[in-house]
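Q: could you look at this predicted model? Sequence included:
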Amino acid sequence: MAEVIEATPLDTPDSDALRFLPEGPYQIAPGAFSWVGIQHGAEAPHGSLNRYDFESGKNVSQDLPGRPGFAFPCQTANRFVVGCERSLGFFDVASGQWEPFCEAVDQDVTNTIINDGLAYEDNLIFGTKDLEFATKKAGLYLYRGRDRQLIQLRDDQICSNGKAILLDGGQLSLIDIDSPTRQVVRYGVDLDNGTLTEPDVVLDLTSDPAVPDGAILTPDGTGLIIAMFLPQSAAFGETRLYDLASGQCRKVWRTPLSPQNTCPALVEHAGTLKLVITTAVENMSAEDQAVCSNAGRLFVADSGLDVGDWSPPVFQA
């Protein structure tokens, strides 16, 4: 029987624009995390990079030049690497300067933008999404830092979401979610050759009413925490911890009156690891929003996981 924990809504975001599609939370310092507003409304051409501080309870939002899929802190202070529209670039939160360094993403197809990703050393692994959520044309990419090469790993995804890297016996593996498949798969990764092995299905969630979205590993690498996007009105949403070896669900964090969970993150605060969960309003009718009054809010809960030597990676640019 999975343990059930009730998450607490934060008083952020505080605007309809920012509550539309929050994703990608990420610790930037103990007690603080960033997140992206992918799009500030159904027709909005841009989104934002946001930074939230637990102590003050304040969120700082800065518009970006398009719709971001992810943002990770760099080793340089105030600098983030961002996947925005079809470009990778650096955004300086002090100056507001945007500096693209790779603009060839999904250049052979139309109507896709960058979505979820991860940072591993000086590399980025990320995917794109078909904006109509219909065609297997979205890419999965490796941006290899040492030679600044963009390498396409797959060209047949629909909406590339949760990702994690495992290192086991010197072998790298990629955990990956193409959300419409409702499956979590695992590839072997060869960074030198820029290749993947054939995928193995780790979790099959095809019978679940909710769609797996963003995901992160537990600090010990044995579990995967997945935000589940339930596209209907409901009393709560779920973010779940699955054991990778057995496939069993060990823990469920509920987000009251907010069913569309998009991404989880672990954030150290006051000596413990908190779980931060982003949720979204996207595609909700006015009637559903009236019922699901917490939709689009960020939530926080005790993770129950040991801080230990855990620290989030930074992009080593």
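A: Nice, thanks for sending it over. Numbering: from 1, shown residues only.
Q: next, the buried residues of stretch 235-251.
A: Using 16 or more other Cβ atoms under 10 Å as the test for burial, stretch 235-251 gives Phe236, Gly237, Glu238, Thr239, Arg240, Leu241, Tyr242, Leu244, Cys249, Arg250, Lys251. C-beta: built from backbone N, CA, C; applies to glycine.
Q: also stretch 55-67?
A: Here stretch 55-67 shows Asn59, Ser61, Leu64, Pro65, Gly66, Arg67 as buried, counting by 16+ other Cβ under 10 Å.
Q: if we take the buried residues of stretch 235-251, which one ends up nearest to Leu167?
A: The nearest member of the buried residues of stretch 235-251 to Leu167, counting by Cβ to Cβ, is Leu244 at 13.7 Å.
Q: what about the stretch 1-150 of the chain, any weak spots by pLDDT?
A: Along the stretch 1-150 of the chain, no part satisfies pLDDT under 70.
Q: in it, which spans are helices?
A: In the stretch 1-150 of the chain, the helices defined using DSSP state H, counting those that start in this stretch lie at 16-19.
Q: you'd agree Leu305 is up against Thr222?
A: No - using Cβ atoms under 8 Å as the test, Leu305 is too far from Thr222 to be in contact (10.7 Å).
Q: which one of these two is surrounded by more residues?
A: Applying other Cβ atoms under 10 Å to Leu305 and Thr222 shows that Leu305 carries more neighbours, namely 19 against 15.
Q: please list all residues in contact with Tyr141.
A: Val105, Leu124, Ile125, Phe126, Gly127, Thr128, Leu150, Ile151, Gln152, Leu153 (Cβ atoms under 8 Å, 6 or more residues apart in numbering).
Q: distance check, it against Tyr187.
A: Distance, Tyr141 to Tyr187, using Cβ to Cβ, to the nearest Å: 13 Å.
Q: quick one: contacts of the helix or strand hosting Ala301?
A: Following DSSP states H and E, the helix or strand that holds Ala301 is strand 298-302. With contact meaning Cβ under 8 Å, 6+ apart, strand 298-302 is reached by 5-10, 12-13, 22, 25, 35, 52, 253, 255, 258, 272, 274-279.
Q: strands paired with that strand, and their directions?
A: Its sheet considered, strand 298-302 pairs with strand 8-9 (antiparallel), strand 272-279 (antiparallel) by DSSP bridges.
Q: out of these, which is the most enclosed?
A: strand 272-279 (a mean of 24; mean count of other Cβ atoms under 10 Å).
Q: tell me where the stretch 151-300 of the chain has helices.
A: For the stretch 151-300 of the chain, the helices defined by DSSP H, counting those that start in this stretch occupy 286-291.
Q: show me where it has its strands.
A: All strands of the stretch 151-300 of the chain, identified by DSSP state E, counting those that start in this stretch, fall at 160-168, 171-178, 183-190, 195-196, 200-204, 211-217, 223-229, 236-243, 249-256, 261-269, 272-279, 298-302.
Q: picking up where we left off before, switch the strands paired with strand 298-302 over to CSV; also include distance to Pro100.
A: Shown next, in CSV, are the strands paired with strand 298-302 (distance: least, Cβ to Cβ, whole Å):
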stretch, distance to Pro100
strand 8-9, 35
strand 272-279, 25
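Q: out of the ones you listed, nearest to Leu18?
A: Closest approach to Leu18 among those (Cβ to Cβ): strand 272-279, 10.6 Å.
Q: just the CA trace of the closest one, in CSV.
A: Provided in CSV are the C-alpha atoms of strand 272-279 (Å, rounded to 0.1, in the frame of the first residue of the first chain):
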residue,chain,number,x,y,z
THR,A,272,15.2,18.7,5.0
LEU,A,273,14.4,17.7,1.5
LYS,A,274,11.1,19.2,0.3
LEU,A,275,9.2,18.0,-2.7
VAL,A,276,8.1,20.9,-4.9
ILE,A,277,5.3,20.2,-7.5
THR,A,278,4.2,22.4,-10.3
THR,A,279,0.6,22.2,-11.6
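Q: re earlier: ok and the strand holding Ala301 relative to strand 249-256, angle-wise?
A: Counting by axes from the mean of the first three to the mean of the last three Cα atoms, to 10 degrees, strand 298-302 points 140 degrees away from the direction of strand 249-256.
Q: run the chain-centre distance for strand 298-302.
A: On the basis of Cα atoms, centre = their mean, to the nearest Å, strand 298-302 sits 15 Å off its chain's mean C-alpha point.
Q: excluding its backbone neighbours, what's nearest Thr197?
A: For Thr197, ignoring the flanking residues on the chain, the nearest one in space by Cβ to Cβ, 6 or more residues apart in numbering is Gly188 at 3.8 Å.
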